[in-house]
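> With the input below, show me the fold.
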Amino acid sequence: MAGKLSVLRQIISELRYALPEGNLKNNLAFHYIVDQYKKYKTTDQQLCKAREELDFIAKTYLCYLKSSRLEQEIHNEFHGKGERTVAETANMVGFKLPQDPK
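You can find the predicted model right below:
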């Protein structure tokens, strides 16, 4: 059960990143996800195909939220901001320019 609760917590965390206002109390997606978790709440000893499907969908949605956030971070970091100097470009990709011997 801890793994399932962990996925729910991670989804809620990603939703907080995705929402600019950060308030989940009035968010429909948050309420829907929590309602689905409550609806398919089972013990580990019970076999419930709907619960297994919910776990798969929850993990897929978590992957989607994380990937969307990371894609936006990468886009913001590397999106063209006009001309860059050679030193800025080298620093951005992790290289250092050789020092001028003068």
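> residues in contact with the helix or strand of the chain with the lowest mean pLDDT?
Every helix and strand in the chain was compared by mean pLDDT, DSSP states H and E; the lowest is helix 86-92, with a mean of 83. The set of residues external to helix 86-92 that reach it, using Cβ atoms under 8 Å, 6 or more residues apart in numbering, is 77-78, 84, 96-97. Glycine gets a C-beta too; all of them are placed from N, C-alpha and C.
> The longest helix seen in the chain - what's its average pLDDT?
Counting residues, the longest helix found in the chain (DSSP state H) is helix 49-78. Helix 49-78 carries an average pLDDT of 88.
> ok, now which ones touch Phe30?
12, 15, 24.
> Can you give me the distance of the last one to His75?
Computed with Cβ to Cβ, to the nearest Å, the distance linking Leu24 and His75 is 25 Å.
> Name the residue in these two with the higher neighbour count.
When Leu24 and His75 are compared for neighbours, Leu24 comes out ahead with 15 against 9, by other Cβ atoms under 10 Å.
> Quick check: the more buried one touching Leu15?
Yes: with contact taken as Cβ atoms under 8 Å, Leu24 and Leu15 are classed as touching, separated by 6.2 Å.
> how near is the residue most central in space within the chain to Ala90?
Nearest to the mean C-alpha position of the chain, by Cα atoms, centre = their mean, lies Lys66 at 1.9 Å. In this view, Lys66 and Ala90 are 30 Å apart by Cβ to Cβ.
> give me the element Ile12 is part of.
Here Ile12, judged by DSSP states H and E, is contained in helix 2-18.
> contacting residues around Ser13?
Counted by Cβ under 8 Å, 6+ apart, Ser13 has zero contacts.
> again, but for the one 4 residues further on
Under the criterion of Cβ under 8 Å, 6+ apart, the contact partners of Tyr17 comprise 65, 69.
> same thing with Gln36?
By Cβ under 8 Å, 6+ apart, the neighbours of Gln36 are Leu54.
> Please state the offset of the helix or strand hosting it from the chain centre?
Gln36 belongs to helix 28-39 when assigned by DSSP H and E. Centroid separation for helix 28-39 versus its chain: 18 Å, with Cα atoms, centre = their mean, to the nearest Å.
> Ok, stretch 21-32 next?
Per Cα atoms, centre = their mean, the centroid offset for stretch 21-32 relative to its chain is 16 Å.
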